[in-house]
Structures are given as structure tokens and as C-alpha cells.
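Engineer: I'd like to go over a predicted model; first the sequence, then the structure.
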Amino acid sequence: MSSLVPEGWGISNISKTCDVLDSKRIPLNSQERALRKGDYPYYGANGVQGYIDDFIFEGEHVLLAEDGGNFDQWQSRAISYLVSGKFWVNNHAHILKAKVGHETKFIHYSLVHKNILKHINGGTRAKLNQADMRDISILLPPLPEQQKIAKILTSVDDVIEKTQAQIDKLKDLKTGMMQELLTNGIGHTEFKDSPVGRIPAEWSVIKISELCSHVVDCVNKTAPVVDFKTPYKMIRTTNVRHGRVDTENVRSVTKETFETWTRRLLPENGDLIFTREAPVGECGILKDSRGVFLGQRTMMYRANKTKTSSEFLMYSIMSDYGKQQLEDFSGGSTVAHMRVPDCGKILIKTPPLDEQNKIVNSLGSVDASILVKEKKLNKLIGTKKALMQDLLTGKVRVNIEPSS
């Protein structure tokens, strides 16, 4: 036996360990599904596509994408998923159920982040044919170990799922609070109409450019980057997401490039960074401005602190009324984008500064809770990844209690 195979384990494949139930799949087009709406999930290559009025499978199964799967991103994205209950599957996912003597959950964990690129057929849409799929190898312990490993990984998945549900609930709470606070404010009884909807009578509506001391755009093409880390960081649109600016996973440039390309005002801590394309409207507060400069299609708003704060501007842009304006301003036939002049025309519902601060504090407390939960989630995901590496290779063996 190979030294790569733990003692007592073997190497098998999907054909030997699973029943392949592809012949029972029934695809339905969108028109057919629209006429058959119900409570049963309808699965495709990468998850639920909708809900219909009947099911063709019941119980625990593994779905493995046939085409359109995340095969080339197998390390970070799932290529298989575990489903249970009553459901329907179209013809874009292989359907597997462990044979007697094997554990379905273990099969899933063995496949979910497996590199199967050698089994994939190329073309315009990567495809995993059934014959090739049946030949995918699986490192296989005895059934009691399969069950124990699956139980351990399932318990971690349960905690991950609960933590994600808590994050989703907090995000829903934040969305509701933003709608309430940026429409009704705090303690108001009199309201008036405005170009961006109803607002308290004491509030004003002001262009974002008039609330900022500086509105700066990147005037350069993409700066020439280097493939090693330097202290000089180009913020791209991909670095701006959900109220945060990632200054770690950035592209680096040389000192000479930095000095040549930073022709305009450099960002400072607390500035609001905004993406005007790819996608439109992501924004975040810059926390570490050391060596940072704006990349293509990014904007910088520096709040006039006598009138507002970057945080208040950010929540306003992220609100429903802010998003509607971004949609109205966006143009482009293939890729939505905002023109630089329009980035200064966004209208902001503007309360007195003390009320702005109260609104920011309320929303910021929810954001802080979300951040704590997200850190916990990332730690759990890291734990699961390490456990999978140890348990699914037999590097760490599980203890099996003897049957009584």
C-alpha cells in the first residue's frame, strides 16, 4: 500500500462507492417552473434555482456539478454540496448517494474542495461527463471512521451555518435601521417631501460635493504594478466592499511609480472611498492610508467635519434612497458606470450634526457586531479547512469506540 494511504484505508472511486442517479433527473425550463411554484427546492449545478410544487428525490444526497461548476476555483469554492429532504434536480448536476457500507456525508466532504480538473472536458463551458465523474478517486477509511469524520465536520458546519445566520440577521437589522433612521430620523413628528423622499421637517437635502472639503477621482490609467509587496498600495474597486477598504490584499507599485502617479490629493485615514464602476456604489472607510493611492474607477470623498462625517455619507450612499440615485446616474450599455461629475451630485438627506452622529453610532454598533461575527466565522472556516486536511487524509486518525 502506498505511504500516502493510511493503514487500514484504501483508494476507491465514485463508481464503486456511490449510486449515480442521473437517469432520474428531470430538467424544467423557467417557464415550466413559473407555472409550478411550490415549496420543494429545485437544484442546478451550483445550488437552488427556485422552488416548485413536487419532488423526485428524497433523503440525503450529494450533488456534483456536471457543467458550469466551480472546478477551477475548487480551493475556495465548493464543487459539490450536500442536500437532504425532498427536492428536484435538473440535468446540470450529478446525483450521488453512498452505497451500502459507505457514508454519504463523507463522500461529500471528500469531494467538496477536491481538484478534479484532470477529469473536466474543456470548451466554452467546462463539463464533467458521467464516465469521467465515476472515475474520480476517493481516499477511503473503514465505515466507522467515515461516519466519525463526517460527524466531526458536520458539527463544525452546523456552527458555521448558525454563525452565518446570525450575520445575515444582523445585516437585515442594519438594513431596516438605515431605512428607518434615514427616513424618519430620531424623535421627529413633522415631515416634508424632498427630491429623495420624505424627510423630517428640520432636515435639508444637500449635494454630497457641498458636504465635502474634497472630492477626488483617479485621473490615471492603471499604474504599472510589481509582483512583490512594497509599501505603496493601489486601491482598486475590488478592495472596496461593504463599508470597508482592504489595504492588505492590494497590488503594489514601486516608490518611483507611486511618486509619479500620485498627482492629486492622497487619501487620509477616515476618507470615504467609492467605486464608480465594476461595480458602481461600493464604498468603505479607509483605516490605514499609509502608501495608499487611488486606482482606476475609484473616488475619494473627504467629509467637511463641520457639516458631516464620512460614516454618515457612507450609510447614506448604502441606503435605499442612495442606491436608487446611483442607479439613476449609472450609464453604459455593457458595464454600468458613473461619470466623475455625477459623483458629486448625489443628494444626501442631512440632519443636524448631532443627530447625524446619533444615527452613525446606532448603525456603527450593528456594524461592530457584524465584524465580531465575521471574525468568528472566518476562524471557524479556517478550523474546518485544517480539520478536513487532517481527517480526510488520515494524517490525524479519529478514535472509534468499540461497539457494545
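Structural biologist: On my side now, so go ahead.
Engineer: need the helices for the protein, in chain order.
Structural biologist: Along the chain, counting by DSSP state H, helices occupy 14-17, 30-34, 104-111, 130-134, 143-184, 255-261, 310-318, 320-329, 340-343, 353-391.
Engineer: residue ranges with poor pLDDT in the protein?
Structural biologist: Applying pLDDT under 70 to the chain picks out residues 1-3, 123-124, 333, 402-404.
Engineer: By residue count, what's the longest strand in it?
Structural biologist: The residue-count maximum for a strand in the chain (DSSP state E) belongs to strand 37-44.
Engineer: how about it: buried residues?
Structural biologist: 40-44 (16 or more other CB atoms under 10 Å). In this view, the C-beta of every residue, glycine as well, is placed from N, C-alpha and C.
Engineer: which among those gets closest to residue 228?
Structural biologist: When the buried residues of strand 37-44 are compared for distance to residue 228 (CB to CB), residue 44 wins out at 41.2 Å.
Engineer: Report the contact partners of that closest one.
Structural biologist: 68, 89-90, 92-93 (CB atoms under 8 Å, 6 or more residues apart in numbering).
Engineer: could I get the residues you listed as a markdown table with neighbour count and distance to residue 361?
Structural biologist: A markdown table is the format used below for the contacts of residue 44 (neighbours: other CB atoms under 10 Å; distance: CB to CB, whole Å):
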| residue | neighbour count | distance to residue 361 |
| --- | --- | --- |
| 68 | 15 | 45 |
| 89 | 26 | 48 |
| 90 | 17 | 48 |
| 92 | 20 | 47 |
| 93 | 27 | 47 |
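Engineer: Spell out which two among those residues are the most distant pair, please.
Structural biologist: 68 and 89, at 13.9 Å, using CB to CB across the contacts of residue 44.
Engineer: In CSV, list the helices of the chain along with distance to residue 210.
Structural biologist: Formatted as CSV, the helices of the chain follow (distance: least, CB to CB, whole Å):
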stretch, distance to residue 210
helix 14-17, 63
helix 30-34, 46
helix 104-111, 56
helix 130-134, 60
helix 143-184, 18
helix 255-261, 29
helix 310-318, 12
helix 320-329, 15
helix 340-343, 13
helix 353-391, 15
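Engineer: Specify which member of the contacts of residue 44 is nearest to residue 265.
Structural biologist: Closest to residue 265, out of all of these and judged by CB to CB, is residue 68, at 44.7 Å.
Engineer: backbone phi and psi for the closest one, please?
Structural biologist: phi 80, psi 10 (degrees, to the nearest 10).
Engineer: residues in contact with it?
Structural biologist: The contact partners of residue 68, by CB under 8 Å, 6+ apart, come to 44-46, 92, 125-126.
Engineer: just residue 346 next, same as before
Structural biologist: Here residue 346 is in contact with 207-208, 317, 322, 325-326, 329 (CB under 8 Å, 6+ apart).
Engineer: Out of these, the closest to residue 153 would be?
Structural biologist: residue 317 (40.2 Å).
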